[in-house]
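Trainee: need a 3D model of the sequence below.
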Amino acid sequence: MDKAIEVKNLRRIYKKGKAEPFIAVDDISFDVYSDEIFGLLGPNGAGKTTIIKILSTLLYPTEGTVKVGGYDVVKESDKIRHIINLVSGGESAGYGILTVKESLWMFSQFYGIETNEAMKRIEKYLKIVEMWNSRNTLLNKLSTGMMQRINLVRGLVSEPKILFLDEPTLGLDIEGARIIRNIVKEWVKENKERAVVLTTHYMAEADELCDRIAIINRGKLVAYDSPESLKQTISIEKFFEITTPLGEISDKDLIKEMNSKSSINFTHYPESGETIILLRLKEEKEIAHIISTLEDNNIEIKSLRKIEPTLEDVFIKLVGRRFEDEEKD
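Mentor: Predicted coordinates:
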């Protein structure tokens, strides 16, 4: 598999007057392959935006080497710009006085695409995002979700080899976000020479879309692997959820017996009369003891579910806080 992006020992230091130099990116190395969706995750101020700017030739690295499509970002930035595109969630897809089709044609001309070819691509991608019927609508008449889809089409019309997506589903409802995710997946499948670099605040989105991810914190690379492999690193403890219809459990001896094998939490729901038992076990085989204990005490088990770790759990373990608790830039 060919490397779409190669990053080796990347550092970016910001200097301003007499102030102490700020290291935004500190000795980071990773590769992105063709036919891959690669996630770049981290809290605000972690260095994600700086890395994207360097990869898209908007900023020079202070140290290290970066190649995009085999070209050096410092020496061959012009060649890189012909094979990439960048789409940021929430940004304008063009001028409000233009129609959807006019705006997309205008952007196609920045890439030197002949008009007939540009119109074919515009029709193709507008149909894919289910916006062809809105081609003659003024941009300033579009909803946020519609604008986001047009913004994505703007990035696809040039048919780049490498597409940078910065928060592409920001502010979208569930259905709008689903449409964007499906388009991205199908676009990469369509041509194995393509690659996507994605930044997102939505852990479930990264889990669904990304083949591999890099988690950045305070300028350093703290994790770099497939979502599944990263989740396995924190799955030493096993989590189970048991639902019982018998109402609140107050038997102290029973609770003590169950606690001897696990960390346990009871939540009673008066409306349904059910109690949810959340178990954290050191070994999966210990669940058999818990089940036997409940059965010996004539407590019916309505359901038993193993809870798998999520990317959010990985993020919290590595970074120390949730995305919604992140620091401001």
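Trainee: now the helices: where do they sit in the chain?
Mentor: Assigned by DSSP state H, the chain shows helices spanning 48-55, 77-81, 100-110, 115-128, 144-157, 174-190, 203-209, 227-232, 252-259, 287-296, 311-319.
Trainee: which elements pack onto the longest one?
Mentor: So the one you mean is helix 174-190. When contacts are defined as 3 or more CB pairs under 8 Å, 6 or more residues apart in numbering; DSSP states H and E, helix 174-190 sits against strand 36-41, helix 144-157, strand 195-199, helix 203-209. (C-beta placed from N, C-alpha, C; glycine too.)
Trainee: quick one on the thing from earlier: including mean neighbour count and distance to residue 242, could the helices of the chain go into JSON lines?
Mentor: Converted to JSON lines, the helices of the chain look like this (neighbours: other CB atoms under 10 Å; distance: least, CB to CB, whole Å):
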{"stretch": "helix 48-55", "mean neighbour count": "22", "distance to residue 242": "39"}
{"stretch": "helix 77-81", "mean neighbour count": "15", "distance to residue 242": "54"}
{"stretch": "helix 100-110", "mean neighbour count": "18", "distance to residue 242": "53"}
{"stretch": "helix 115-128", "mean neighbour count": "16", "distance to residue 242": "45"}
{"stretch": "helix 144-157", "mean neighbour count": "22", "distance to residue 242": "40"}
{"stretch": "helix 174-190", "mean neighbour count": "16", "distance to residue 242": "29"}
{"stretch": "helix 203-209", "mean neighbour count": "19", "distance to residue 242": "24"}
{"stretch": "helix 227-232", "mean neighbour count": "16", "distance to residue 242": "22"}
{"stretch": "helix 252-259", "mean neighbour count": "13", "distance to residue 242": "10"}
{"stretch": "helix 287-296", "mean neighbour count": "15", "distance to residue 242": "7"}
{"stretch": "helix 311-319", "mean neighbour count": "19", "distance to residue 242": "20"}
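Trainee: for the ones you listed, please prepare a markdown table with the additional fields mean pLDDT.
Mentor: Below are the helices of the chain laid out as a markdown table (pLDDT from 0 to 100):
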| stretch | mean pLDDT |
| --- | --- |
| helix 48-55 | 94 |
| helix 77-81 | 96 |
| helix 100-110 | 94 |
| helix 115-128 | 96 |
| helix 144-157 | 91 |
| helix 174-190 | 91 |
| helix 203-209 | 92 |
| helix 227-232 | 90 |
| helix 252-259 | 64 |
| helix 287-296 | 85 |
| helix 311-319 | 83 |
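Trainee: how about the ones you listed in a markdown table, adding distance to residue 273?
Mentor: As requested, the helices of the chain are arranged in a markdown table below (distance: least, CB to CB, whole Å):
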| stretch | distance to residue 273 |
| --- | --- |
| helix 48-55 | 47 |
| helix 77-81 | 62 |
| helix 100-110 | 54 |
| helix 115-128 | 49 |
| helix 144-157 | 40 |
| helix 174-190 | 31 |
| helix 203-209 | 31 |
| helix 227-232 | 34 |
| helix 252-259 | 18 |
| helix 287-296 | 17 |
| helix 311-319 | 30 |
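Trainee: quick one: closest of these to residue 215.
Mentor: Nearest to residue 215, of all the helices of the chain, is helix 311-319, at 5.8 Å by CB to CB.
Trainee: contacts for that closest one next, please.
Mentor: 41-43, 203-204, 206-207, 213, 215, 217, 222-223, 227, 230-231, 233-234, 322-323 (CB atoms under 8 Å, 6 or more residues apart in numbering).
Trainee: ok, now stretch 55-69?
Mentor: Taking CB under 8 Å, 6+ apart as the rule, stretch 55-69 contacts 3-13, 25, 27-29, 50, 53-54, 72-74, 77, 79-81, 83-84, 86, 161-162, 164, 197.
Trainee: can you pull the contacts of the residue nearest to residue 145 when sequence neighbours are not counted?
Mentor: Excluding its sequence neighbours, the residue lying closest to residue 145 (CB to CB, 6 or more residues apart in numbering) is residue 176, at 3.8 Å. Residues counted as contacts of residue 176 (CB under 8 Å, 6+ apart) are 145, 148-149, 169.
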